[in-house]
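Engineer: okay, predicted coordinates and the sequence, questions at the end:
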Amino acid sequence: MIRLQEVSVTYDIGTIFQSTALKSVSLEIRNGEIVSIVGRIGSGKSTLIQLFNGLIPPDSGEVIVDGIDVNAKNTDLKIIRRKVGLVFQYPEEQFFAETVFDEVAFGPRNMGVSGNELVQRVHYALSDMGFNPETVSNLSPFNLSGGEKRRVAIASIIAMNPDTIVLDEPTSGLDYLNKKMLISYLKRENAKGETLVFVTHNMEEVLEIADRVIAMKKGEKIFDGSTENFFFNGNFVELAGLDAPFLVKAQRRLRKRYSNFPFCRTVDEFLKLLKERYS
Amino acid sequence: MIRFESVYFAYEKEKWAVENLNFKIKKGEFVALLGSNGSGKSTIARLTDGLLLPNKGNVFVDGINSKDSPNILKSKVGIVFQNPDDQFVGTTVEEDIAFGLENLNIERKEAHRRVYEITKRLGIFRYLKSSPSMLSGGEKQKVAIAGVLAMQPDYLVLDEITALLDPVSRKEIFNLVYTIVKESNIGVLYITHISEEVLPVERIILVSNGKKIKEGGSEEIFSDYKLLESVGVSVPAIFKVYSFLKNGLDVTSHELSESILLNKL
Ligand SMILES: Nc1ncnc2c1ncn2[C@@H]1O[C@H](COP(=O)(O)OP(=O)(O)O)[C@@H](O)[C@H]1O
Ligand SMILES: Nc1ncnc2c1ncn2[C@@H]1O[C@H](COP(=O)(O)OP(=O)(O)O)[C@@H](O)[C@H]1O
Ligand SMILES: [Mg+2]
Ligand SMILES: [Mg+2]
């Protein structure tokens, strides 16, 4: 479990560039959840998730992971990073290894894993991300397609066996099939018990897979609750400066007409319901 | 007119990135090129402005064959790419836009007028003295578009200019470009992998593996869900709802607006 308590972050303190990225944010990520963090560009999303594994320290407030104060002097950050794996935006830009195997093995090797266990970890991480480990291991990561690169980058975090995977805009720049594939692999990861936190601009993705939404605006948390409430109980999407997708607008309309219209995560679900029960 | 006549192109021997491609774009037309990653869209973009030349077949722009005169094509066809960070040359927005005009030997007063006009039109006038690197992704793309439009090309190729933007900026940029070029007489090839974007476009060319799969309005393109899935392109949610409600509607798919559909629900 990750807990943030009244956390604030200001960049470039004391210079003319000083800017407050987070203002007294408190939140909790519970085990097994899929949480989506949304907000406009510059609202503090990336800053927020970098606190989760101690990559940056807050100026005030506390970050607690499984009862450990992440920023206490005697905390070993290695332990925190085994619990919380962070996938940056465009992670494939940081590839350096000559083979896919070495790229994915880098994290666990650093943690002292070797031999058979290392091979096993790399293989299961690659298969979790939809690869055949045998065929992909010896390829150069640089020669893969955009979608494949992204999945190798995520596999390299999965191989470290974290309890929670935090992803910063994991589908950005991907096309439809690659997005769809990645979303389904991430869902499967969660079904196996992994906690997932992902930042996204794509409200359809949020609607489709998130259990809970945290919405940020100018460094403040303006919503924290179920996905259904985020989209349908008030106008939080708009308050966050985001655009409600058509599917949300359509459901809002039907919810007005039928007070018990069920929550649909995809357009196919929605149309099936319309056909069967509401036409 | 831009005309592709049985065009083939390969980066590596025998591996066609573009295969037997035929299409036309007239001046003043707005045509979309839709396809998944790797389907050949950027290759087609580069063939259109003479950056690449066909291995077989011909590309003509206003009757000029790209093989005879690639440089004339470059002056007739303006191109904007996906990543704005890769396309800036000036240290301020103003310099950046003026740079292209200087290269065309446009007189300073005229250049000044054009920079003023186009930045006003695109809503980036207040950034003239700013460094492009300080702007947001959407604003950077506006600067890149301004730089190309200021050169007054006859045709414009926009290669996934919204792919890296958030949905809010994406819509803004698309709508802006769509209205600006509709007001002018520029022929546009609007390239994207995002199907939602091309709903209002009257002619869409669907490509996969370097080949044209289908050409037509959004109704024709999107009604075959299986085909789209097989070429890795999504069917927009709004189109699915439209198809469901179609009998009660008297609009065509490219006139679709959210409010028309919502009123029918
Ligand atoms: N390394 C940094 N140095 C200075 N300012 C930063 C840095 N990272 C982010 N900021 C600023 O902090 C604010 C929040 O940024 P960020 O957390 O990246 O937001 P988001 O991920 O929602 O786009 C923005 O105003 C941004 O300019
Ligand atoms: N510079 C290049 N060298 C070799 N192959 C390339 C090059 N650029 C693109 N390709 C290949 O050509 C095909 C079409 O690519 P591209 O035109 O970039 O597609 P899109 O823009 O639709 O993503 C792909 O298989 C791609 O791998
Ligand atoms: Mg960010
Ligand atoms: Mg491309």
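Structural biologist: On my side now, so go ahead. Ligands and ions are numbered 1, 2, ... in the order given.

Engineer: going by C-alpha atoms from here, please, whenever you check contacts or count neighbours.
Structural biologist: OK.

Engineer: pull up the distance across stretch B:128-145, start to finish.
Structural biologist: Chord length of stretch B:128-145, first to last residue, is 14 Å (Cα to Cα, to the nearest Å).

Engineer: pull out the buried positions in it.
Structural biologist: Neighbour counts over stretch B:128-145 (16 or more other Cα atoms under 10 Å in any protein chain shown) mark B:128, B:131-132, B:137-145 as buried.

Engineer: which of those residues fall in helices?
Structural biologist: B:137-145 (DSSP state H).

Engineer: other residues contacting the helix or strand of chain B with the lowest mean pLDDT?
Structural biologist: Sorting the helices and strands of chain B by mean pLDDT, DSSP states H and E puts helix B:258-264 at the bottom, at a mean of 84. For helix B:258-264, the external contacting residues (Cα atoms under 8 Å, 6 or more residues apart in numbering or on different chains) are A:246, A:249-250, A:253, B:238, B:241-242, B:245, B:248.

Engineer: of the residues you listed, just say which sits nearest to B:Thr119.
Structural biologist: A:Phe246 (31.6 Å; Cα to Cα).

Engineer: for that closest one, give its distance to B:Phe222.
Structural biologist: 17 Å.

Engineer: where do the strands sit along chain A?
Structural biologist: A:2-11, A:19-29, A:34-38, A:60-65, A:68-69, A:84-87, A:164-168, A:195-199, A:212-217, A:220-226 (DSSP state E).

Engineer: geometric centre of the chain: which residue is closest?
Structural biologist: No chain was given, so I picked chain A. A:Phe198 (1.6 Å; Cα atoms, centre = their mean).

Engineer: that's the wrong chain, I meant chain B
Structural biologist: B:Tyr190 (2.2 Å).

Engineer: for that residue, helix, strand, or coil?
Structural biologist: strand (DSSP: H, G, I helix; E, B strand; the rest coil).

Engineer: contacting residues for it?
Structural biologist: Residues near B:Tyr190 by Cα under 8 Å, 6+ apart: B:30-33, B:157-160.

Engineer: what about 6 Å?
Structural biologist: Neighbouring residues of B:Tyr190 by Cα atoms under 6 Å, 6 or more residues apart in numbering or on different chains: B:32-33, B:158.

Engineer: up against chain A, what does the stretch 51-200 of chain B have?
Structural biologist: Taking Cα under 6 Å from any Cα of the partner chain as the contact definition, the stretch 51-200 of chain B meets chain A at B:164, B:166.

Engineer: break down the stretch 51-200 of chain B into its strands, ranges please.
Structural biologist: Here the stretch 51-200 of chain B has its strands, by DSSP state E, counting those that start in this stretch, at B:56-61, B:64-65, B:77-80, B:155-159, B:187-192.

Engineer: partner strands of the second one, with direction?
Structural biologist: Here the strand partners of strand B:64-65, with direction, are listed using DSSP bridges: strand B:56-61 (antiparallel).

Engineer: and the angle from the partner strand to strand B:155-159?
Structural biologist: Here the directions of strand B:56-61 and strand B:155-159 differ by 120 degrees (axes from the mean of the first three to the mean of the last three Cα atoms, to 10 degrees).

Engineer: so what's the residue count around residue 67?
Structural biologist: This is for chain A. For A:Gly67, the tally of surrounding residues (other Cα atoms under 10 Å in any protein chain shown) stands at 10.

Engineer: try chain B instead
Structural biologist: 16.

Engineer: what do you get for A:Pro91?
Structural biologist: Neighbours of A:Pro91 (other Cα under 10 Å): 18.

Engineer: okay, the strands of chain A, which one's buried deepest?
Structural biologist: strand A:34-38 (a mean of 26; mean count of other Cα atoms under 10 Å in any protein chain shown).

Engineer: one step back: could you measure from the residue nearest to the centre of chain B over to B:Tyr178?
Structural biologist: According to Cα to Cα, B:Tyr190 and B:Tyr178 sit 9 Å apart.

Engineer: same deal with B:Leu256?
Structural biologist: 15 Å.

Engineer: now the stretch 101-250 of chain B against ligand 2: closest residue?
Structural biologist: Going by Cα to the nearest ligand atom, ligand 2 is nearest to B:Gly210 of the stretch 101-250 of chain B, at 6.7 Å.

Engineer: ok so, going back, mind putting the contacts of B:Tyr190 into CSV with pLDDT and neighbour count?
Structural biologist: As requested, the contacts of B:Tyr190 are arranged in CSV below (pLDDT from 0 to 100; neighbours: other Cα atoms under 10 Å in any protein chain shown):
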residue, pLDDT, neighbour count
B:Ala32, 97, 27
B:Leu33, 98, 24
B:Leu158, 96, 23
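
Engineer: and the top helix by length along chain B, average pLDDT?
Structural biologist: Determined from DSSP H, the single longest helix within chain B is helix B:167-183. Mean per-residue pLDDT for helix B:167-183: 89.

Engineer: near ligand 1, anything from it?
Structural biologist: No. Applying Cα under 6 Å from any ligand atom, one finds helix B:167-183 out of contact with ligand 1, separated by at least 13.4 Å.

Engineer: distance from that helix to the middle of the chain?
Structural biologist: Remark: helix B:167-183 is offset 11 Å from the chain centroid, using Cα atoms, centre = their mean, to the nearest Å.

Engineer: skipping adjacent residues, who's closest to B:Arg3 in space?
Structural biologist: With sequence-adjacent residues excluded and distances taken as Cα to Cα, 6 or more residues apart in numbering or on different chains, B:Arg3 is closest to B:Lys24, at 4.5 Å.

Engineer: neighbours around that neighbour, how many?
Structural biologist: 15.

Engineer: thought it was touching B:Ile2?
Structural biologist: Yes. Because the distance of 5.4 Å satisfies Cα atoms under 6 Å, B:Lys24 is recorded as touching B:Ile2.

Engineer: the residue nearest to B:Ala146 when sequence neighbours are not counted: how many residues sit nearby?
Structural biologist: Excluding its sequence neighbours, the residue lying closest to B:Ala146 (Cα to Cα, 6+ apart) is B:Ile118, at 6.0 Å. A count of neighbours around B:Ile118, defined by other Cα under 10 Å, yields 21.

Engineer: also the one 3 residues further on?
Structural biologist: A total of 13 residues lie near B:Arg121 under the criterion other Cα under 10 Å.

Engineer: same check, this time on B:Lys15
Structural biologist: 12.

Engineer: which parts of the stretch 101-250 of chain B sit against ligand 1?
Structural biologist: When proximity is defined by Cα under 6 Å from any ligand atom, the stretch 101-250 of chain B lies next to ligand 1 nowhere.

Engineer: show me the shaky parts of the stretch 101-250 of chain B.
Structural biologist: B:248 (pLDDT under 70).

Engineer: do the stretch 101-250 of chain A as well
Structural biologist: For the stretch 101-250 of chain A, counting by pLDDT under 70, not a single residue falls below.

Engineer: need the helices for it, in chain order.
Structural biologist: Using DSSP state H, counting those that start in this stretch, the helices assigned to the stretch 101-250 of chain A run over residues A:115-128, A:133-136, A:146-158, A:176-191, A:203-209, A:227-232, A:236-239, A:246-257.
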